[in-house]
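Undergrad: Sequence and computational prediction follow.
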Amino acid sequence: MSKKLPPLNPLKVFDAVVRTQNLTKAAQELHISQSAVSKQLNVLQTYLGMELFRRERHGISLTHSGQRYAEAIAPAFDTLAKATSDLMRSGSDNTLRIQTYTTFAAKWLIPRLSDFHARYPDLTVKIINSVEYVDFDRDNVDLAIQIGNGAWAGQDSDFLFEDVIEPVCSPEFLKQYAPDARYPQSLLRVRLLVSHFRPHDWSTWARLCRYDDEIESTERMRFSSSILTWQAAADSLGIAIGQTTLLVDDIKRNKLLTPFNLPVKTGTSYYLVRPQLQRHSRKVELFRNWIQAQLAALQAPSR
């Protein structure tokens, strides 16, 4: 026999109004408008066929029926909250699942994870690689690091850094094809290395830096990922477009260099993305604080 349940979203709104005793406070808690709260309450009252609230001069109050209903459903919400909390604290709670791009994971995150593990040895990080935007209803992950404008429906995001691109090559490639480093233009006529997932970076950079003519007829060598593209540049197969922040370690080690010193902002940025309207766990907050501290240290001027 099927269970006859009331509409659950209006029921959640009803519970919030009962707890806060205020439409405005309930709206703020639920991150919706006050008019939306009123609409949901009307939906529930229509479904039940009775009034749950009385509108008064200074707000609203529960009717006798509303009071009885509130007392009856409160334990059910407590049970749901406890079941959810217990599940989140169960065996897998110490595993932090992060969805991000292979390139970001390999070039930036993984080289720094030893510091995170040293600070929080009780947590295990699992990295899931994907080029798709995260869907927390579909994907079994706690956080995602993705590129965009920071505005994704149903999700909160923390800005990490801007997407900045510029050409990179090996010191040997520069020495061979532009022996006078003051005139690196000749590098653009040898071979351009192109990543499958970022096919327009060269045209974007060349247009903004006025090198369109230099690359118009240059040979292209294409790779299935940015990691392979940058490895080919390090092995002197040509010159690639690099993402400056992701290549900071390779540049510091002189594995790659930036012969033009003309960084360009693409207009998008990297964000740490998490579910909206969800009380975040300890592991999520620890990672958020850690990654922001890592980036702050990276951007701080050296003394």
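TA: Arrived safely, thanks for sending.

Undergrad: low-confidence ranges in the stretch 201-303 of the chain?
TA: 277-280, 300-303 (pLDDT under 70).

Undergrad: so where do the helices sit in it?
TA: 201-209, 212-215, 226-234, 248-252, 282-299 (DSSP state H, counting those that start in this stretch).

Undergrad: Of those helices, which stretch is the most buried?
TA: Highest mean neighbour count of the helices of the stretch 201-303 of the chain: helix 226-234, a mean of 22 (counted as mean count of other CB atoms under 10 Å). (Each C-beta comes from the backbone N, C-alpha and C, glycine too.)

Undergrad: rewinding a little: mind checking which of the helices of the stretch 201-303 of the chain is nearest P6?
TA: Smallest distance to P6 across the helices of the stretch 201-303 of the chain (CB to CB): 31.8 Å, for helix 282-299.

Undergrad: where's L193, which helix or strand?
TA: Using DSSP states H and E, L193 maps to strand 192-195.

Undergrad: In space, what's closest to T102 - neighbours in sequence excluded?
TA: In space, and not counting its chain neighbours, T102 is closest to N129: 4.6 Å by CB to CB, 6 or more residues apart in numbering.

Undergrad: Enumerate every residue touching that neighbour.
TA: N129 makes contacts with 99-102, 105, as judged by CB atoms under 8 Å, 6 or more residues apart in numbering.

Undergrad: The one helix or strand Q67 maps to to helix 282-299, inter-axis angle?
TA: Under the criterion of DSSP H and E, Q67 resides in helix 64-88. In terms of direction (axes from the mean of the first three to the mean of the last three CA atoms, to 10 degrees), helix 64-88 departs from helix 282-299 by 60 degrees.

Undergrad: packing partners for the longest strand seen in the chain?
TA: When the chain is parsed with DSSP state E, its longest strand is strand 155-168. The contact analysis (3 or more CB pairs under 8 Å, 6 or more residues apart in numbering; DSSP states H and E) places strand 155-168 against helix 201-209, strand 239-243, strand 264-275, helix 282-299.

Undergrad: Which residues belonging to that strand are considered buried?
TA: 155, 157, 160-161, 163, 165-168 (16 or more other CB atoms under 10 Å).

Undergrad: cool, stretch 110-126 as well?
TA: Quick answer for stretch 110-126 (16+ other CB under 10 Å): 116, 120, 123, 125.
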